[in-house]
Structures are given as C-alpha cells and as structure tokens.
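Q: Requesting a structural model of the entry that follows:
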Amino acid sequence: MKISVEDIRKEYNPQEKADDDSLMMVRYIVRPLSFYVAWFFAIFGVSANSVTWISLIVSLLGTICLAMPGVAWKLTGCTLFFLWILLDHVDGNLARYYKSPSIVGDFLDTFVCYVTLAIFPVGLSIGISNSMGLPIEPKFIIVLGASAGILGIFSRLLYQKVTNYGLKIKFQNNNQPEDNVSLIKSFIKSSKMMANSILNPSGFLFPILFVFVYFNISLMYLLIYNLLLVIVNLLVIQKCLWKLNEFDIIQSTLKKPAKSDASNE
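A: I've put the predicted structure just below:
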C-alpha cells in the first residue's frame, strides 16, 4: 500500500491541538515538517512509541553536546533539541495514522518531555562551567542548571495534579459553575500565555538558546531562564490554589443534597 504525506495529514484534527498550534513555531514550522517526517517513518512501518524512544535518544545526545566545551558543540545540541521537538510531534502523527493512540504512548511522550526539561539545563550548566574566565564559581553554575531542571517540571507536575482533581469533579457533575474572571486572574492568564511561548519547548525555548549560545552568552540564558521559571512557578502555584478552592466549593455544593435527603429519612 502506497503511503502519501496527505494520508498522514488528513488524520490530524487542528481543533484537538489548538493550544499546541497557538505557538507560532509549531504552527508554521514544526507541524508542517512533522507530516513529512511521519510519512518517512510510516513507509518503514516504524511505530509511534518507537519514534518516542528515538526522541529520547536525540534528547540525551543534545544534552551531551550542551555539556561539551566549545560553541560548535552547544549549537549542535540546540539543533538536536529542535529535532527532538519535531519527533515529539511525529509520534502523535503516527499514532493517529495507525489508529493506535494509547495511554502508554501518552505516558511515554510525557516522560520524555519531562526528562528533557530536567536534563538539558544541567547539560548546559556543565558546558558553561568548563569555560574560562567565568564571573561565577563553576559549582554555582551547576546549581543553577539543577534548579532550572527542577523548576522546569515542578509547575507541570503541580498543574497535572490539580487537573486530576478537576477531572474527578467533572465526572461527578458536568454542570460546573463557570469561572469568575477577575482582573488579577486575567493578568495571570495573559502572563502564562506569554511565558508559555518563551518557556515551552515547542515554543521559542531552544531557538532563544541557540541565539544565546551563538553569541557565547549561555550563562545569561541560564540566569534568565531560572528567573522566568521562578516567576512562572509562583503564578502556577497561585492559580492551583484558586482552582483547588473552587473545587472545594463545588464538592461542598454537590454534597448538600445528599445530606438533606438523609435528614428527611
């Protein structure tokens, strides 16, 4: 059976990936290229999960390149991370084409993403610490890399936990009250959208790193990245607390009829 790029593309539903495709790099570069790369893998019958594992290898190689001394190595690492982003979209294309989306595949995809976000700043910090004439002690640079790795996945884990609470309540009651939008919440939402464009690996995270590495100011990137991650984590924590408070209110509302029925008996 002959496979065409159009066969891969027609399985894609833009509405399901609206949040992802809101990122300019995904919409205009990564997504269009991913259909061609998925077509190449489909010709040889490579599974979606196999591509996910390949993307993990690419991510590890990119981290090793960032840890090497010299700008050329680091630029190679940035290029490999762009390839990882591309493969991160390819596996989804293949899963849809093969009609084989699975919980295991979704877990592997998330696992590889978390590993990448955790290790790439560590690799970068090791590479920076090998440079000469640094204004900061090398051990502190390693600490910066480790903190960026932790902060990069911490907010995602928190948000995932809160999302699970929301799913439980959604199953209990599909008619949830709509969120009250305040000025502060609107500001936080706008700030998150902007931060997502910068810090999302599918956004401008690695292209910006490429620019900083090219001009040999990787340490500045690591400092700014840490600062932005701290701000984002604080905003996510605040949003999580608001959401959890709303979930508590919804749950208490759902329990009231049960109590009144029990009293009538």
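Q: Count the neighbours of Asn216 for me.
A: Neighbour count for Asn216, taken as other C-beta atoms under 10 Å: 11. Every C-beta, even on glycine, is put in place using the N, C-alpha and C of the backbone.
Q: same check, this time on Ala118
A: Ala118: 18 neighbours (other C-beta under 10 Å).
Q: So it versus Asn49, what's the distance?
A: Relative to Asn49, Ala118 is positioned 21 Å away (C-beta to C-beta, to the nearest Å).
Q: need the contact list for Val115.
A: 56, 59 (C-beta atoms under 8 Å, 6 or more residues apart in numbering).
Q: can you tell me the helix or strand for it?
A: Element membership for Val115 (DSSP states H and E) is helix 103-129.
Q: Report the buried residues of the helix or strand just after that helix.
A: The element immediately downstream of helix 103-129 (helix or strand, assigned by DSSP H and E) is helix 138-172. For helix 138-172, the buried set under the neighbour-count rule, 16 or more other C-beta atoms under 10 Å, comprises 141, 144-145, 147-149, 151-155, 162, 169.
Q: Run the chain-centre distance for helix 138-172.
A: 10 Å (C-alpha atoms, centre = their mean, to the nearest Å).
Q: what angle do it and helix 103-129 make?
A: Relative orientation of helix 138-172 versus helix 103-129 (axes from the mean of the first three to the mean of the last three C-alpha atoms, to 10 degrees): 160 degrees.
Q: what about helix 138-172, average pLDDT?
A: On average, the pLDDT along helix 138-172 is 84.
Q: quick revisit: what is the rounded mean pLDDT of the helix holding Val115?
A: 95.
Q: Figure out how far it is from the centre of its chain.
A: Distance, stretch centre to chain centre, for helix 103-129: 10 Å (C-alpha atoms, centre = their mean).
Q: now swap in stretch 2-12 and tell me
A: 26 Å.
Q: Likewise for stretch 211-220?
A: On C-alpha atoms, centre = their mean, the centre of stretch 211-220 falls 22 Å from the chain's centre.
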